[in-house]
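J.: Okay, sequence plus prediction incoming.
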Amino acid sequence: ASIPLKELEQFNSDIQKLLEPLEAEIQQGVNLKEEDFNKDMNEDNEGTVKELLQRGDNLQQRITDERKREEIKIKQQLLQTKHNALKDLRSQRRKKALEISHQWYQYKRQADDLLKCLDDIEKKLASLPEPRDERKIKMN
């Protein structure tokens, strides 16, 4: 049975849309980001990856063109490889974040205190009366 070209194009498009953010995060390597300190950091794209891999399997079974089947297989392998690499990186970042989390939270608290202080100063400055223009005073 042949499958609609549109279905194959949609699969390719969906895989590409998922590969781009995976690749971008992989490029960051083990450099920590603020999200790494969130205890509930989940594998937000795990389900999407599994769903795309299953769609690829389904397409491979229905496609008769060997070249297109091989293309799908290669894209699935690329997606799986990148996803696994990202899971490893996230795991390393989480471990690193745990090691320095005490300092991070202390820094975050100090930064929040500083921002609050700056906000208070801005409010006080805004509530001050406008300075009088010295030239106007001299002219009167």
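T.: Great, that's in hand.
J.: For the rest of this, base every contact and every neighbour count on C-alpha atoms.
T.: Noted.
J.: any idea how far residue 99 is from residue 106?
T.: 13 Å (CA to CA, to the nearest Å).
J.: Check residue 48 too.
T.: Distance from residue 48 to residue 99, by CA to CA: 30 Å.
J.: Report the secondary structure state of residue 29.
T.: Here residue 29 is recorded as coil under DSSP: H, G, I helix; E, B strand; the rest coil.
J.: Report the contact partners of the residue lying closest to it once chain neighbours are set aside.
T.: Spatially, and ignoring its direct neighbours in sequence, residue 29 is nearest to residue 89 (6.5 Å; CA to CA, 6 or more residues apart in numbering). Applying CA atoms under 8 Å, 6 or more residues apart in numbering to residue 89 gives the contacts 26, 29-30.
J.: Flag the shaky bits of this protein, pLDDT-wise.
T.: Filtered on pLDDT under 70, the chain yields the residue ranges 1-3, 33-34, 36-44, 104, 131-140.
J.: Helices of that one, residue ranges please.
T.: Using DSSP state H, the helices of the chain run over 5-27, 46-62, 66-127, 134-139.
J.: Residue 35 is nearest to which of these?
T.: Closest to residue 35 of these is helix 66-127 (CA to CA; 9.5 Å).
J.: Residue 23 versus residue 78, what's the distance?
T.: Using CA to CA, residue 78 is found at 11 Å from residue 23.
J.: Equivalent analysis for residue 121, please.
T.: 43 Å.
J.: Comparing these two, which residue is more hemmed in?
T.: residue 23 (15 against 12; other CA atoms under 10 Å).
J.: quick one: the more buried one and residue 82 touch, right?
T.: Yes. Counting by CA atoms under 8 Å, residue 23 touches residue 82, with 7.1 Å between them.
J.: which residues sit in contact with residue 25?
T.: By CA under 8 Å, 6+ apart, the residues touching residue 25 are residue 86.
J.: Roughly how far does residue 112 sit from residue 118?
T.: 10 Å.
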